[in-house]
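Below are the sequence and a predicted model; questions follow.
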Amino acid sequence: MEGLIAVSVARLQKDDYSDEQRSAALGVIFGVDNQLVRDGTYLLAEVDGALVGCGAWSQRSNPFGCDNVPGKDDSLLNPAKDPVRMRGFFIHPDWSRRGIGSSILRECEARAMAAGYRRAELTSTLTGIALYLAHGYRIDSRYEIPMAGGIPLPVAPMSKSFSGT
Ligand SMILES: CC(C)(COP(=O)(O)OP(=O)(O)OC[C@H]1O[C@@H](n2cnc3c(N)ncnc32)[C@H](O)[C@@H]1OP(=O)(O)O)[C@@H](O)C(=O)NCCC(=O)NCCS
């Protein structure tokens with residue numbers, strides 16, 4: 001998964017973030033959160049046994065980032081009142097724009113709804129916004145995540161109600 005994420009960031013985000021931004025984010029913001037792997041909520045897409053995409057639905061409060069993201073909060077969400085988090089969507093560049101991100105997102109939403117969640121939230125990269133807009137998410141705000149060396153990473157919190165309201 002780390003290899004997939006590195007190549008996805010290097011090629012698919014190059015028009016949205018500088019080399020400096022991508023290298024500061026890799027391994028801190030962009031990378032594996034093993035809590036989601038242990039929870040069994042990280043979904044993988046394979047073609048002929050090769051990993052081509054990943055994405056998770058998360059029942060943890062933490063909004064984004066890998067194992068070592070500063071301030072990580074792994075407290076459990078309550079489906080009756082909290083939105084589920086969509087996390088860690090990375091597609092291999094050779095397989096982008098073929099509907100793999102969409103199919104992982106739809107499956108994550110179905111599993112979250114089955115677990116009782118009524119809304120979803122996520123923190124999108126600039127690269128991811130078009131995917132989530134295409135699936136009915138709206139942009140709630142925009143801000144910059146401060147990274148090491150004072151390097152900013154512009155992102156957009158987005159959300160969606162599963163009932164469409
Ligand atoms: C964002 C990402 C996950 C999208 O995955 P994908 O498998 O290519 O997405 P899909 O093929 O399912 O795209 C579905 C729709 O989303 C929109 N979309 C997705 N990527 C787009 C892009 N680069 N430009 C414009 N629209 C885009 C389109 O409407 C697309 O439908 P279309 O191809 O029929 O026009 C992928 O580009 C990626 O891994 N990016 C790098 C990592 C990253 O920033 N991830 C987001 C983390 S929040």
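Looks like it arrived, so ask away. Small disclaimer: the values here were computed from a predicted structure and weren't measured.

Show me which residues of the host helix or strand of residue 8 are buried.
When elements are defined using DSSP states H and E, residue 8 is found to belong to helix 2-12. For helix 2-12, a neighbour-count test (16 or more other CB atoms under 10 Å) marks 4-6, 8-9, 12 as buried. Backbone N, C-alpha and C define where each C-beta goes, glycine included.

Next secondary structure element downstream of that helix?
On the C-terminal side of helix 2-12, the nearest following helix or strand under DSSP H and E is helix 19-25.

Now do that next one: which elements does it pack against?
Applying 3 or more CB pairs under 8 Å, 6 or more residues apart in numbering; DSSP states H and E, one finds that helix 19-25 makes contact with helix 2-12, strand 152-161.

mind redoing it with 10 Å?
Using 3 or more CB pairs under 10 Å, 6 or more residues apart in numbering; DSSP states H and E as the contact criterion, the secondary-structure elements in contact with helix 19-25 are helix 2-12, strand 143-146, strand 152-161.

can you tell if the shortest one touches the ligand?
Think strand 143-146. No - judged by CB under 6 Å from any ligand atom, strand 143-146 makes no contact with the ligand; its nearest approach is 11.9 Å.

residues near residue 93, how many?
Neighbours of residue 93 under the rule other CB atoms under 10 Å: 17.

same thing with residue 74?
Counted by other CB under 10 Å, the residues lying close to residue 74 total 14.

same question, the one 10 residues further on
Residues contacting residue 84 under the criterion other CB under 10 Å number 26.

So what does it look like in phi/psi?
Geometry field for residue 84 lists phi and psi as phi -70, psi 150, criterion degrees, to the nearest 10.

residues in contact with it?
41, 57-60, 77, 108-109, 111-113, 115-122, 162 (CB atoms under 10 Å, 6 or more residues apart in numbering).

Flag the shaky bits of this structure, pLDDT-wise.
In the predicted model, the chain carries pLDDT under 70 at residues 165.

where exactly do the helices run in the chain?
Counting by DSSP state H, the chain has these helices, from start to end: 2-12, 19-25, 34-39, 100-114, 129-134.

could the ones you listed be laid out in TSV, adding distance to the ligand?
Written out in TSV, the entries for the helices of the chain read as follows (distance: least, CB to the nearest ligand atom, whole Å):
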stretch	distance to the ligand
helix 2-12	4
helix 19-25	10
helix 34-39	14
helix 100-114	3
helix 129-134	3
